[in-house]
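Novice: got a predicted structure here, sequence first:
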Amino acid sequence: MSERGHYARQMFAFTDDHGWKLLAVLAFVGVVLPFVGLEEGIDMTILVELFLFAILALSWDLIGGQTGYPSFGQMAFFGVGAFTTAILVKDVGVAFPVAFAVAGLLTMLTAGVVGAATLRLRGGYFAIATLGVLLSAQQITRNLEITGGASGKILLDVPSDTVFYWTFLGLLIAEIAVVYYLQSTRFGYVLNAIRDDEGKLTAMGVNTTYYKTAAWMISALFTGLAGGSYSLFNTFVDPNVGYNLAWNVEMIAMALLGGSGTVAGPVLGAFGLHFAVVKIETWFTGWQLVVLGAVVIVTVIAFPQGIVGELRERASSMEYYKHGGQAASESPGGDDGGTDTDANGEHATDGGESL
């Protein structure tokens with residue numbers, strides 16, 4: 001068991017030390033796929049959806065997992081991005097790249113305005129407030145003529161599936177890079193500190209509202225860009241599509257399943273859960289939401305830290321017991337790592353190698 005714990009810790013240490021290299025490998029695989037036989041059709045559509053849900057799960061986790069403010073209204077930003085792009089492309093005649101950029105900026109602005117009010121709340125109050133924002137946005141969209149009302153908008157002459165494959169892949173790679181970078185900066189440390197004990201940070205004079213709002217705006221940016229791309233990829237958007245309540249739950253379940261508060265967890269959770277939902281929808285039509293609900297319940301009860309978090313916890317426990325119930329940096333005799341006592345009672349240096 002201790003050997004497995006040792007190898008598991010080595011694996012996690014490797015991923016932490018070589019995160020940028022692993023990200024480059026992911027990007028390389030994604031770029032190569034279209035040139036080795038991947039053609040437009042069902043397979044490319046499924047890959048695009050996997051990228052989409054990974055973006056959504058990681059976006060939610062930035063505010064829900066990294067910062068500790070579980071938003072139940074993240075799809076409001078998806079809808080803002082989706083309808084902004086649809087209106088600009090269909091009604092105004094703006095090119096997709098320009099509409100795409102405007103959708104991202106408008107979504108960030110919306111998040112800043114909404115966050116100024118809702119991020120003053122905490123816990124369940126914040127969650128309910130964000131759900132109210134989502135439901136209000138959905139209803140307002142139904143009553144606006146510019147959005148097409150309840151009928152929505154049908155989009156024609158949209159780019160090919162290949163264009164959206166590159167768009168969603170690029171968004172996912174960019175978001176992973178941004179979140180991974182932020183984790184190692186003061187900004188990321190403050191977000192995690194807010195999650196762990198916001199009261200202490202406030203007492204120390206840290207403006208937590210600034211950091212929370214900035215995190216939510218970054219989260220909303222990627223969510224809105226994903227929505228703007230999806231509206232054209234789907235060739236149709238209405239209030240039910242733009243503010244999809246099922247997806248709102250699904251992205252949270254993906255982040256929790258993979259491991260909230262990590263970079264890899266939400267991405268792995270999105271890939272795994274959505275692929276399972278697609279297969280279940282194919283084999284047992286109508287049961288996908290039942291499976292989604294079951295996954296949420298099992299994850300919360302059996303794997304509260306998610307798959308990645310649970311593996312890290314088990315690896316740490318195995319390493320702990322391997323050293324006789326002491327910290328890995330301590331020797332069996334209770335001294336700090338770096339020296340060991342030989343048979344004659346003398347101390348021998350270990351050469352600086354970690355245990």
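Specialist: Thanks, I have the structure now.
Novice: tell me which residues in the helix or strand Val29 falls within are buried?
Specialist: Assigned by DSSP states H and E, Val29 belongs to helix 19-32. Using 16 or more other Cβ atoms under 10 Å as the test for burial, helix 19-32 gives Gly19, Leu22, Ala27, Gly30. For the C-beta atoms, the positions are set from N, CA and C on the backbone; glycine is no exception.
Novice: same check, this time on stretch 85-94
Specialist: By 16+ other Cβ under 10 Å, the buried positions in stretch 85-94 come out as Thr85, Ala86, Ile87, Leu88, Val89, Lys90, Val94.
Novice: so who does Ile176 touch?
Specialist: Leu23, Leu26, Leu58, Val263, Val267 (Cβ atoms under 8 Å, 6 or more residues apart in numbering).
Novice: can you redo the buried residues of stretch 85-94 as CSV with secondary structure and pLDDT?
Specialist: Shown next, in CSV, are the buried residues of stretch 85-94 (DSSP: H, G, I helix; E, B strand; the rest coil; pLDDT from 0 to 100):
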residue, secondary structure, pLDDT
Thr85, helix, 96
Ala86, helix, 96
Ile87, helix, 96
Leu88, helix, 96
Val89, helix, 95
Lys90, helix, 94
Val94, coil, 94
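Novice: follow-up on the earlier one: which of the contacts of Ile176 lies closest to Gly64?
Specialist: Leu58 (10.5 Å; Cβ to Cβ).
Novice: wait, doesn't the closest one sit right on Gly261?
Specialist: No. Using Cβ atoms under 8 Å, Leu58 is not in contact with Gly261; the gap is 11.4 Å.
Novice: please identify which of those two sits among more neighbours.
Specialist: Leu58 (31 against 22; other Cβ atoms under 10 Å).
Novice: what about the more buried one, distance to Gly286?
Specialist: From Leu58 over to Gly286 the distance is 29 Å, taken as Cβ to Cβ, to the nearest Å.
Novice: for Gly30, same thing?
Specialist: Distance from Gly30 to Gly286, by Cβ to Cβ: 32 Å.
Novice: output the below-cut-off pLDDT ranges for the protein.
Specialist: Along the chain, the model assigns pLDDT under 70 to residues 1-18, 309-310, 312-355.
Novice: residue boundaries of the strands in it?
Specialist: 153-154, 236-237, 339-341, 347-349 (DSSP state E).
Novice: how far out from the middle of the chain is the second one?
Specialist: Pointing back at strand 236-237 there. Offset of strand 236-237 from its chain centre (Cα atoms, centre = their mean, to the nearest Å): 24 Å.
Novice: hmm, who's touching it?
Specialist: Ala82, Phe83, Ala86, Gly152, Lys153, Ile154, Leu155, Tyr230, Ser231.
Novice: coming back round to it: can you lay out the buried residues of stretch 85-94 as a markdown table showing distance to Gly41?
Specialist: Listed next are the buried residues of stretch 85-94 as a markdown table, based on distance: Cβ to Cβ, whole Å:
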| residue | distance to Gly41 |
| --- | --- |
| Thr85 | 24 |
| Ala86 | 24 |
| Ile87 | 29 |
| Leu88 | 29 |
| Val89 | 24 |
| Lys90 | 26 |
| Val94 | 29 |
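Novice: which one of those residues is nearest to Trp216?
Specialist: Nearest to Trp216, judged by Cβ to Cβ, of those is Thr85 at 20.8 Å.
Novice: OK, contacts around that closest one?
Specialist: Phe96, Ala99, Phe100, Val102, Ala103, Gly227, Gly228, Ser229, Ser231, Leu232.
Novice: since that was my last question, I'll sign off now.
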